[in-house]
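Engineer: next comes the sequence, and after it the predicted model I'd like to discuss.
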Amino acid sequence: MQKGDKVLGIEGTAWNLSAAVFGDGLISLYSKPYQPAQGGIHPREAAQHHASEMREVIARVLSDPSAIRAVAFSQGPGLGPCLRTVATAARVLALALDVPLVGVNHCVAHVEIGRWATGCVDPITLYTSGANTQVLGYLNGRYRIFGETLDIGLGNGLDKFARSKGLPHPGGPKIEGLARGGEYIHLPYTVKGMDLAFSGLISAAQESKAPIEDVCHSLQETAFAMCVEVTERALAQTGKDEVLLVGGVAANSRLREMLQTMCEERGARLFVPEPQFCGDNGAMIAYTGKIMLEAGATLPLEASRANSHYRPDEVEVVWRQDEVKREPESGHRRGAEALVTIGEETVTKRRVSKSYRVEALDAHLIAERTRAEARLIAAARKAGVATPIISDLSEDMITMERVDGTLLRDTPTSASLARAGVAVGRLHGAGIVHGDLTTSNMIERDGRCVLIDFGLAHASTEVEDQGVDLHVLFQTLESTTENPAELKESFLQGYASAFPGAAAASKREHEVELRGRYL
């Protein structure tokens, strides 16, 4: 190793203060986490811990300051007081060592250290930690968010439940242990297209009078199945064949088992880094800082302010040039939850059992979604929305007309998105929320947009549900197109022309987008 080829990285977004030095490989890593006396993380106490321990943590990894080529730090997202403490330390070190500063997105760093540690190339990443639950994939020069929590992060949700039952912090390991002796009971399962919501599930688990073992078992089975479903949905949409699991919750063996089962059924490979690289750690900041430095992505001091809501899709990924693989079209297409057989005149959609889900939950979701889909397709047609005509129905299968046309996912244009806006406006005006509003479920036929795949649809006139429906679509445009702003504007014009409540729904979508994940 030549002198000056090493990068110092500092991580301190929340509970764990950690530093590392990275060169050709990991040189050194040391962490000193904040441990609250009781309850969850107290941001100011955590920041005070980071400030008091910073000198020791840095000293444990920095044996040769003259070899440091740059200082990298976690710029966000995270807890404001903690981020500011780390950013201040990084600036001081960069000035003292006279080296560049690199601001690293915490979420992107989890992906990059996972890729380095496991050898995967172009994965769909399930990132599950205390404050974050996201499904990420690289596309068009950025890490796109294919799905995420709409309220609380999974790890925080588990800790919140654990505290309510008097279990020690962190709650995840204790919940996992109790779950091994439990039986399944029904708890709310909330998947909204590509997004998730955990607050209802956590509340129901807290209020349940069932034995604690049964509640822990069912909480895990439900929450993890939601995460795996959305991950599978992203795999189906992108045609990728690798899944990377990162974040603190990645330590859970049941979550790994469920993801492994899903990947085997889809012909994909699961990658999980060793434990020291799963949770928050300085190595991920040092390594990501190194590859950013080599790509010229340094940061002037005046732009080094901490950003507690720094989203991964805001980062221009200048160090990657990968191409996205697409799944070839055929007469049989495997979606995220169903096998679709396309005939000359009809399409048969049969929901397939998911081995990663417990049998009772699996059977409930298949039957419920099949019935609801058929009922809401018929209701949408009555409201003037173009949908396939249903010819047969059973407990797990729907047969409907084949819709010939152009999938909006393949050729999105301003005109086609405007027509899609009209269709969705009519749908919302009829009190129906699609639930999986992506361009993969829109077909252009004879100058109209035909909406398909109502598998997650439900009846609702709530502006919150309408806003989430739009949010799912807009996330899809962000993650799969090169001109999302233009397409979004065209969609909203068509939407407003067909739905009197368009302004309120659009405003709520923006609120959903801005919601912080550190709750």
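Structural biologist: Here it is on my side, so go on. These numbers come from a predicted model, not from an experiment.

Engineer: name the SS class of Thr125, please.
Structural biologist: strand (DSSP: H, G, I helix; E, B strand; the rest coil).

Engineer: now it: how far from Asp436?
Structural biologist: 21 Å (C-beta to C-beta, to the nearest Å). Using the backbone N, CA and C atoms, a C-beta is placed for each residue, glycine as well.

Engineer: could you pull out the strands in the stretch 401-519 of the chain for me?
Structural biologist: 406-407, 432-433, 442-445, 448-451, 458-459 (DSSP state E, counting those that start in this stretch).

Engineer: right, and these - which one's nearest Ala223?
Structural biologist: strand 458-459 (20.1 Å; C-beta to C-beta).

Engineer: what mean pLDDT does the closest one get?
Structural biologist: The pLDDT scores in strand 458-459 average 90.

Engineer: domain parsing for the protein?
Structural biologist: 6-112+280-314, 115-277, 332-514 (automatic domain parsing).

Engineer: can you say which of these is nearest to Arg320?
Structural biologist: So among the domains of the chain, domain 115-277 is nearest, using C-beta to C-beta, at 6.1 Å.

Engineer: chain center to the closest one: distance?
Structural biologist: Its chain's C-alpha centre and that of domain 115-277 lie 10 Å apart, by C-alpha atoms, centre = their mean, to the nearest Å.

Engineer: one step back: neighbour count winner among Thr125 and Asp436?
Structural biologist: Thr125 (30 against 25; other C-beta atoms under 10 Å).

Engineer: so what pairs up with the more buried one in the strands?
Structural biologist: Leu136, Leu244 (DSSP bridges).

Engineer: that one contacts Lys240, doesn't it?
Structural biologist: No: if you go by C-beta atoms under 8 Å, Thr125 and Lys240 don't touch, sitting 10.1 Å apart.

Engineer: anything in contact with each of the two?
Structural biologist: Common contacts of Thr125 and Lys240, defined by C-beta atoms under 8 Å, 6 or more residues apart in numbering, comprise Gly137.

Engineer: for Ser355, give me the pLDDT.
Structural biologist: pLDDT at Ser355 comes out at 93.

Engineer: actually Gln2, sorry about that
Structural biologist: 45.

Engineer: pLDDT score for His169?
Structural biologist: In this model, His169 carries a pLDDT of 77.

Engineer: same question, Arg517
Structural biologist: 38.

Engineer: got it, and Gly80?
Structural biologist: Reported pLDDT for Gly80: 93.

Engineer: do Ser330 as well
Structural biologist: pLDDT, Ser330: 45.

Engineer: now do the helices in the stretch 201-350 of the chain.
Structural biologist: Secondary structure of the stretch 201-350 of the chain, counting by DSSP state H, counting those that start in this stretch: helices at 212-238, 253-266, 282-294.

Engineer: how about those in a markdown table, adding distance to Phe146, mean neighbour count and mean pLDDT?
Structural biologist: Below are the helices of the stretch 201-350 of the chain laid out as a markdown table (distance: least, C-beta to C-beta, whole Å; neighbours: other C-beta atoms under 10 Å; pLDDT from 0 to 100):
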| stretch | distance to Phe146 | mean neighbour count | mean pLDDT |
| --- | --- | --- | --- |
| helix 212-238 | 4 | 23 | 95 |
| helix 253-266 | 15 | 18 | 96 |
| helix 282-294 | 20 | 28 | 97 |
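
Engineer: what's the closest of those to Pro273?
Structural biologist: helix 282-294 (9.2 Å).

Engineer: need the three-state assignment for Cys120.
Structural biologist: coil.

Engineer: hang on, isn't it packed against Glu242?
Structural biologist: Yes: contact criterion C-beta under 8 Å: Cys120 and Glu242 qualify, at 4.7 Å.

Engineer: coming back round to it: the domains of the chain into CSV, with extra columns for distance to Gln321?
Structural biologist: Converted to CSV, the domains of the chain look like this (distance: least, C-beta to C-beta, whole Å):
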stretch, distance to Gln321
domain 6-112+280-314, 10
domain 115-277, 9
domain 332-514, 16
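
Engineer: circling back to that earlier point, tell me which of the helices of the stretch 201-350 of the chain sits nearest to Ile398.
Structural biologist: Nearest of the helices of the stretch 201-350 of the chain to Ile398, taken as C-beta to C-beta: helix 212-238 at 18.1 Å.

Engineer: okay, angle between that closest one and helix 253-266 too, please.
Structural biologist: Relative orientation of helix 212-238 versus helix 253-266 (axes from the mean of the first three to the mean of the last three C-alpha atoms, to 10 degrees): 30 degrees.

Engineer: in this structure, which residue is closest to the centre?
Structural biologist: Most central in the chain under C-alpha atoms, centre = their mean is Gln134, positioned 1.8 Å from the mean C-alpha point.

Engineer: for it, give its distance to Leu154.
Structural biologist: 10 Å.

Engineer: do Ala459 as well
Structural biologist: Distance of Ala459 to Leu154, computed by C-beta to C-beta: 28 Å.

Engineer: same drill for these two, tell me which one is more crowded.
Structural biologist: More crowded of Ala459 and Leu154, by other C-beta under 10 Å: Leu154, with 30 against 13.

Engineer: Phe198 is in contact with that one, correct?
Structural biologist: Yes: using C-beta under 8 Å, Leu154 is in contact with Phe198, at 6.1 Å.

Engineer: which neighbours do these two share?
Structural biologist: 133, 223.

Engineer: thinking again about what came up before, could I get the strands of the stretch 401-519 of the chain in CSV, plus columns for distance to Pro388?
Structural biologist: As requested, these are exported to CSV (distance: least, C-beta to C-beta, whole Å):
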stretch, distance to Pro388
strand 406-407, 14
strand 432-433, 15
strand 442-445, 9
strand 448-451, 7
strand 458-459, 18
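
Engineer: quick one: least confident helix or strand in the chain?
Structural biologist: Across the helices and strands of the chain, the lowest-confidence element by mean pLDDT, DSSP states H and E is strand 332-334, at a mean of 54.

Engineer: what's the pLDDT at the nearest residue to Asp396 once chain neighbours are set aside?
Structural biologist: Spatially, and ignoring its direct neighbours in sequence, Asp396 is nearest to Arg351 (4.8 Å; C-beta to C-beta, 6 or more residues apart in numbering). As predicted, Arg351 sits at a pLDDT of 92.

Engineer: report the separation between Arg351 and Ala367.
Structural biologist: Taking C-beta to C-beta, one finds Arg351 at 9 Å from Ala367.

Engineer: which one of these two has more residues nearby?
Structural biologist: Arg351 (21 against 13).

Engineer: what's that one in contact with, if anything?
Structural biologist: Contacts of Arg351 by C-beta under 8 Å, 6+ apart are 337-338, 366, 369-370, 396-397, 455.

Engineer: okay, and which of those residues map to strands?
Structural biologist: Judged by DSSP state E, these include 338, 397 as members of strands.

Engineer: in a markdown table, list the contacts of Arg351 along with distance to Asp5 and pLDDT.
Structural biologist: Listed next are the contacts of Arg351 as a markdown table, based on distance: C-beta to C-beta, whole Å; pLDDT from 0 to 100:
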| residue | distance to Asp5 | pLDDT |
| --- | --- | --- |
| Glu337 | 48 | 76 |
| Ala338 | 51 | 82 |
| Ile366 | 55 | 93 |
| Arg369 | 54 | 89 |
| Thr370 | 58 | 92 |
| Asp396 | 58 | 92 |
| Met397 | 60 | 94 |
| Gly455 | 52 | 83 |
